[in-house]
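# Okay, sequence plus prediction incoming.
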Amino acid sequence: MKLFEFVGSPGSGKSTLLPEVKKIYSSLNSNIFTIEETIYYSVKKNIYNDDIVNILRILPTYVKQKILKKYYFKFGLRNKYGIEFIKKHSALFNYVLSSQISRNIPRNYKDKIIEEFLITGGNYEFSARHLGGRDSLIMDEGFAQKAISLFVSENEKAMPGKIKEYINKIPDIFGLVVVNANSRVCLQRIKKGRERFRLKGKSDKDIINLIDYAKDACEYIVSYIKEKKEVSNIIYVDSNMNLDETIKNLRKSIPQWE
């Protein structure tokens, strides 16, 4: 399985651009899946109740994906594959745990960061188990992006040494989409988007600090991935413009990654 990931500061537009990148890449290679699609296709195969199958057949695909993703969570598949990921990548997980001990952030934030890392690991392991060797998984919150939440906050600048050691331990990445936007654009998007709940109660100054520190971290992340992971499939997206203009430029810049 090939892994495609996004990396960018909060509010840069990663989640918004993911379906567009997937759509463009699908025209070159149809075997690329989001985690929702992977869950949908793989879990559906294991549902043998005829009544459920008949109900699923008549529902729109996006509704079926939501239902089966809940099935994935409810029956503990996320936890099961998260544990499998830890077993296979124990050095990475131990480093993630140890790196959080000395951070000057509330304990519940640390717990949440580790929980979200495990979700990412579980999603990756689930996909690796159910997708074929010629298939690809695309993630807007993958291992590269997790380096930001693991090592950066509004009070913590990126530490190159820690990021480098972390990057050395993550699974191989085949393609990387680096999304850039200026800090004020990111701030406005955060206030309108889903990340406003995560950053609730923080001042504009704190959020700008976080965005700026995250941008520095992105530079280190991309540099180390190019150097240590030998990833040459990297594209840079300027998302300061409106979505239509960004997508137009995106179509021109995406190479036929093989």
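Cool, the structure landed.

# Now do the contacts for the residue positioned nearest the centre of the chain.
Nearest residue to the geometric centre of the chain (Cα atoms, centre = their mean): E141, 1.4 Å. E141 is in contact with 6, 14, 116, 120, counting by Cβ atoms under 8 Å, 6 or more residues apart in numbering. Using the backbone N, CA and C atoms, a C-beta is placed for each residue, glycine as well.

# Please repeat the previous calculation with a cut-off of 7 Å.
By Cβ atoms under 7 Å, 6 or more residues apart in numbering, the residues touching E141 are T120.

# Can you tell me the SS state at it?
Under the three-state scheme (DSSP: H, G, I helix; E, B strand; the rest coil), E141 adopts coil.

# Please renumber the chain so that the first residue is 37 from this point on.
Taking 37 as the first residue, the last one we looked at is E177.

# Distance of it relative to S163?
Between E177 and S163 the computed distance is 13 Å (Cβ to Cβ, to the nearest Å).

# ok so, going back, what about the residue nearest to the centre of the chain, distance to E41?
Taken as Cβ to Cβ, the span from E177 to E41 is 9 Å.

# before we move on, what about K262?
Taking Cβ to Cβ, one finds K262 at 13 Å from E41.

# Which parts of the stretch 37-186 of the chain are helices?
Secondary structure of the stretch 37-186 of the chain (DSSP state H, counting those that start in this stretch): helices located at 50-64, 71-81, 86-94, 97-110, 113-124, 126-137, 143-166, 179-187.

# tell me the angle the longest one makes with helix 113-124.
Inter-element angle recorded for helix 143-166 and helix 113-124: 90 degrees (by axes from the mean of the first three to the mean of the last three Cα atoms, to 10 degrees).

# and helix 143-166, what other elements does it pack with?
helix 71-81, helix 113-124, helix 126-137, helix 179-187 (3 or more Cβ pairs under 7 Å, 6 or more residues apart in numbering; DSSP states H and E).

# So which bits of it are buried?
146, 149, 153-164, 166 (16 or more other Cβ atoms under 10 Å).

# do the first one as well
The neighbour-count criterion (16+ other Cβ under 10 Å) identifies 50, 52-54, 56-58, 61 as the buried residues of helix 50-64.

# and D240, what does it touch?
With Cβ under 7 Å, 6+ apart, D240 has these contacts: L223.

# ok, now I206?
I206 neighbours (Cβ under 7 Å, 6+ apart): 128, 179.

# and the helices of the stretch 37-186 of the chain as TSV, adding distance to G211?
As requested, these are exported to TSV (distance: least, Cβ to Cβ, whole Å):
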stretch	distance to G211
helix 50-64	8
helix 71-81	16
helix 86-94	32
helix 97-110	23
helix 113-124	21
helix 126-137	20
helix 143-166	15
helix 179-187	11
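
# which of those has the lowest average pLDDT?
Within the helices of the stretch 37-186 of the chain, the least confident segment by mean pLDDT turns out to be helix 86-94, at a mean of 57.

# Any idea how many residues pack against N285?
14 (other Cβ atoms under 10 Å).

# Pretty sure it sits in a helix.
Yes - N285 forms part of a helix when assessed by three-state DSSP.

# Find the nearest non-adjacent residue to it, please.
D274 (7.0 Å; Cβ to Cβ, 6 or more residues apart in numbering).

# can you check N140 too?
In space, N140 is closest to N191, 6.4 Å off (Cβ to Cβ, 6+ apart).

# now that neighbour: how far from L54?
29 Å.

# likewise L173?
Distance of L173 to L54, computed by Cβ to Cβ: 12 Å.

# Also S239?
29 Å.

# again with N140
32 Å.

# With T282 instead?
On the measure of Cβ to Cβ, T282 and L54 end up 13 Å apart.

# swap in H125?
24 Å.

# do the same with I244
Counting by Cβ to Cβ, the gap from I244 to L54 is 25 Å.
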